[in-house]
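# give me a model of this one.
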Amino acid sequence: MNPYEGRMRAMLIFAFFPLLALVAQPLGHLTYWLPVTIIGIAGAAHQAWSANIFTTVGDMFPKKAIATITGIGGLAGGIGSTVINKASGMLFDYSKQTNMSFLGFHGIESGYFIIFSVCAVCYLIGWVVMKSLVPKYKPITDL
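Numbering: from 1, shown residues only. Below is the predicted model of the structure:
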């Protein structure tokens, strides 16, 4: 198996683990250790995902471009985290003030469940985007 296919297969497997975060909040009523464990597993899957995504850049681009491409990805991640943090805060304020309901959760708990849901599916969306943009491995040599 070539490195790209192996990394994409591993990233697909790791993309399913954050879906466990969808049950973390409901199980929190039993004991707080269940959400802590589940979120820890999702965090480990995030690290496995990021290790593979960074090495994919090294496989596809020439050495002189790796730092630039990784930096652009880091910039996009920084902007994305700023947006999601701001949006999360606004959602939490809104859900607390309006006592919003979502899938059986009320108030700020509904806001947290929405954020957990978004975070749980982002890896699968990212995998689909990457697979559609780079369907077959081909090193980029013209820069």
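
# residue 27 against residue 37, yeah?
No. The pair residue 27 and residue 37 does not pass the contact test of CB atoms under 8 Å, sitting 9.3 Å apart. Any C-beta I mention is one placed from the backbone N, CA and C, and that applies to glycine too.

# can you give me the strands in this structure?
Secondary structure of the chain by DSSP state E: the strands cover 101-102, 105-106.

# in its sheet, what does the last one sit against?
By that I understand strand 105-106. Using DSSP bridges, strand 105-106 pairs in its sheet with strand 101-102 (antiparallel).

# now do the buried residues in stretch 84-104.
Counting neighbours by 16 or more other CB atoms under 10 Å, one finds that the buried residues in stretch 84-104 are 88, 91-92, 95, 100.

# just to revisit the earlier point, in a markdown table: the strands of the chain, plus mean pLDDT and distance to residue 79.
As requested, these are exported to a markdown table (pLDDT from 0 to 100; distance: least, CB to CB, whole Å):
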| stretch | mean pLDDT | distance to residue 79 |
| --- | --- | --- |
| strand 101-102 | 88 | 27 |
| strand 105-106 | 87 | 29 |
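
# what's the closest of those strands to residue 129?
Closest approach to residue 129 among these (CB to CB): strand 101-102, 26.0 Å.

# who touches that closest one?
Outside strand 101-102, the residues within contact range by CB atoms under 8 Å, 6 or more residues apart in numbering are 95, 110-111, 113-114.

# ok, now with 7 Å
Contacting residues not belonging to strand 101-102 are listed as 110, 113-114 [CB atoms under 7 Å, 6 or more residues apart in numbering].

# chain center to that strand, what's the gap?
Counting by CA atoms, centre = their mean, to the nearest Å, strand 101-102 is centred 23 Å from the centre of its parent chain.

# residue 2: how many residues sit nearby?
Neighbours of residue 2 under the rule other CB atoms under 10 Å: 10.

# now the terminal residues of stretch 19-32, how far apart.
End-to-end span of stretch 19-32 (CA to CA, to the nearest Å): 18 Å.

# list the buried ones in it?
19-22, 24-25, 28.

# of the strands of the chain, which approaches residue 132 most closely?
Comparing those by their distance to residue 132 (CB to CB), the top pick is strand 101-102, with 29.9 Å.

# and residue 49, what does it touch?
Shown in contact with residue 49 (CB under 7 Å, 6+ apart): 11, 14-15, 123.
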